[in-house]
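S.K.: Predicted coordinates and the sequence they were generated for:
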Amino acid sequence: MMMSPAHADAVARARGLVSSARRVVVLTGAGISTDSGIPDFRGPQGVWTRNPEAERLSTLQAYLADGDVRRQAWQARLASPAWSATPNAGHRALVDLERGGNLDVLVTQNIDGLHQLAGNDPARVVEIHGTMREIVCMSCGDRGPAGPTLDRVRNGEEDPACLRCGGILKSATISFGQSLVEADLERAEEAARHCDLLLAAGTSLGVYPAAGLVPLAVAHGAALIVANAEPTPFDRIADAVVRDPLSQALPAMVGGDTAASPPPSGTSGPAPPS
Ligand code: NAD
């Protein structure tokens, strides 16, 4: 798909910012994975936009108090398109960015694990809202891969209990009403304070404390790119706002795909992946 001149300008400006930055922090949200077939929550086709009731499944208090909510949540986990999803060109562009040597930390609000599947170094990825690929006991903290528990659900256990203590099991994600892992938040904030560019991609920037990384980075002198299909509360302080689908926009910004938009003269992208 061709970009309009205004869009190509925004991409070119973002590309210039990326190529001149030395220490980049990327904050991704559900929008980077929609082109892999995983719906976001708040976009026009989002899970909550279409069914506001679904938000309850992600609320810790309701999950702990109500067996019905847990049964629905287990069925929703089983049916998640994320299990068969593969990374798209947007995820791969962030691997290019890392290989170019300028990616400091990739903070993702996503729970799908696609950044690591694409090839980003897990040591650079902070999953600030946890991961759906593991299950944790809310009583004893026992934690393990999701597969065996999902098999129990497939085999008829509607609300499987912890095999160690009988407690309530949940995917190792951060639900509404649940605290973030302190060390993850500290690492993300430390990175935001020291980066020279923050690239927010595919996030409505409405969920705190993750969204707070944006004003934090800007207050410490970082440039800001917002790449998101819809407006965000931080567009007005951004140095570039890119609206194009991320699977096109990120390769064009990072250097993997120059077809959509030529780089501004005098700039070059990081090295392509080997
Ligand atoms: P969000 O649903 O609030 O916002 C996503 C934004 O991405 C929207 O503004 C939408 O317009 C934009 N978008 C969608 N597709 C796009 C595309 N192809 N190109 C450009 N922009 C696009 O998502 P959020 O800010 O991440 O917050 C929702 C919470 O839901 C997160 O905390 C996350 O944990 C969770 N979540 C995760 C996944 C996942 O892991 N893939 C999916 C849904 C929700």
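M.R.: Yes, it's here. Note that the structure is predicted; figures quoted are calculated from it, not measured.

S.K.: In this protein, where is pLDDT below threshold?
M.R.: Scanning the chain with the threshold set as pLDDT under 70 gives 1-6, 256-274.

S.K.: Packing partners of the helix ranked longest in it?
M.R.: Criterion DSSP state H: the longest helix present in the chain is helix 5-20. For helix 5-20, the packing partners by 3 or more CB pairs under 8 Å, 6 or more residues apart in numbering; DSSP states H and E come out as strand 197-201, strand 223-227, strand 240-242, helix 246-254. Yep, even glycine has a C-beta here, placed from its N, CA and C like the rest.

S.K.: can you list the residues of the protein near the ligand?
M.R.: With CB under 6 Å from any ligand atom as the criterion, the chain meets the ligand at residues 29-31, 33-35, 38, 40-43, 46, 109-112, 129, 202-204, 206-207, 228-230, 245-246.

S.K.: Show me the residues you listed that map onto helices.
M.R.: Per DSSP H, the subset of the residues of the chain next to the ligand in helices is residue 246.

S.K.: Any of the residues of the chain next to the ligand buried? List them.
M.R.: 29-31, 33-35, 38, 40-43, 46, 109-112, 129, 202-204, 207, 228-229, 245-246 (16 or more other CB atoms under 10 Å).

S.K.: and the top strand by length along the chain, what does it pack onto?
M.R.: Counting residues, the longest strand in the chain under DSSP state E turns out to be strand 130-137. When contacts are defined as 3+ CB pairs under 8 Å, 6+ apart, strand 130-137 packs onto strand 143-145, helix 146-154, strand 169-173.

S.K.: tell me what the helix or strand following the last one is packed against?
M.R.: Spelled out, that is strand 169-173. For strand 169-173, the following helix or strand on the C-terminal side (DSSP states H and E) is helix 182-194. When contacts are defined as 3+ CB pairs under 8 Å, 6+ apart, helix 182-194 packs onto strand 24-28, strand 103-108, strand 125-127, helix 213-219.

S.K.: so of the ones you listed, which one's packed in deepest?
M.R.: Mean neighbour count, computed with mean count of other CB atoms under 10 Å, is highest for strand 24-28 among these, reaching a mean of 28.

S.K.: For residue 161, list each beta-bridge partner.
M.R.: residue 168 (DSSP bridges).

S.K.: That one: how many residues sit nearby?
M.R.: Neighbour count for residue 161, taken as other CB atoms under 10 Å: 15.

S.K.: show me what contacts residue 115?
M.R.: Residue 115 sits next to 28, 87, 91, 94, 106, 108, 125 when contact means CB atoms under 8 Å, 6 or more residues apart in numbering.

S.K.: Skipping adjacent residues, who's closest to it in space?
M.R.: residue 125 (5.3 Å; CB to CB, 6 or more residues apart in numbering).

S.K.: That neighbour and residue 106 touch, don't they?
M.R.: Yes. Applying CB atoms under 8 Å, one finds residue 125 in contact with residue 106, separated by 5.0 Å.
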